[in-house]
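In: sequence first, then the predicted structure:
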Amino acid sequence: MSWESNETKKPCPCGAGTYTVIDRSDDWGRFETSWRMDCPICSNTYSLYTYDYYNSGLREQGHKWVQTEIYDRSIELKRRAKATKEAAVCLSKERYLPVLEEVFRKSSKKAIWQALNANIKWYKSLGTFYKHTKNQEKREYLSELFNHSDLASVLKVANAKDEEVERLLSNSSALESEAEALLHG
Ligand SMILES: [Zn+2]
């Protein structure tokens, strides 16, 4: 199996030099693209931003030169967005895991799945739910809901409305959108 590579030079952002796009493909039809900055001026002022996006259902990788100052600021915003989201998860778990345990105290596993499935689309089928939770305590799989599902739905199951959690979540998505706007704007 061999990789074939093809390099294309393109004008760099400052216009004084170039960057190279390296496309590699193998006999299996796999593709890989990487970018390399050739211009010494742009090397100092631009960072390569690599991201995933979906093109007619297929995941593809995009590349973009972003001014390093802007790039660093957006990474910091993303870091804060993630920390804020984690704070929301932590707080919800602390407040509503005991509530969920109480709600489902006497419920069968099937009844729990039905109640969860009405609001949360994490477990696709009852079979998957049984399989996934086979060796878990009730507290353990209820606790996992907070990490993997959207918190608004989990709070709905707990019959709770929590302004503090909602504020954290909306702050987190505002930070995330600010970062995206910087990177893609
Ligand atoms: Zn340049």
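Out: Received it, and whenever you're ready, just let me know what you need.

In: stretch 55-73 and the ion, are they touching?
Out: No: judged by C-beta under 5 Å from the ion, stretch 55-73 stays clear of the ion, getting no closer than 9.1 Å. For every residue, glycine as well, the C-beta is placed using N, CA and C.

In: mind checking the end-to-end distance for that stretch?
Out: Here the two ends of stretch 55-73 are set 27 Å apart, with distance taken as C-alpha to C-alpha, to the nearest Å.

In: for the most centrally placed residue in the chain, identify the helix or strand it belongs to.
Out: Centroid-nearest residue in the chain, with C-alpha atoms, centre = their mean: Lys82, separated by 9.3 Å. In the assignment (DSSP states H and E), Lys82 maps to helix 68-103.

In: after that helix comes which helix or strand?
Out: helix 109-119.

In: now do the buried residues in the helix or strand that comes right after that following helix.
Out: Reading on from helix 109-119 to the C-terminus, the next helix or strand found by DSSP H and E is helix 126-133. Residues 129, 133 are the ones in helix 126-133 that count as buried (16 or more other C-beta atoms under 10 Å).

In: helix 126-133 relative to helix 109-119, how many degrees between them?
Out: 110 degrees (axes from the mean of the first three to the mean of the last three C-alpha atoms, to 10 degrees).
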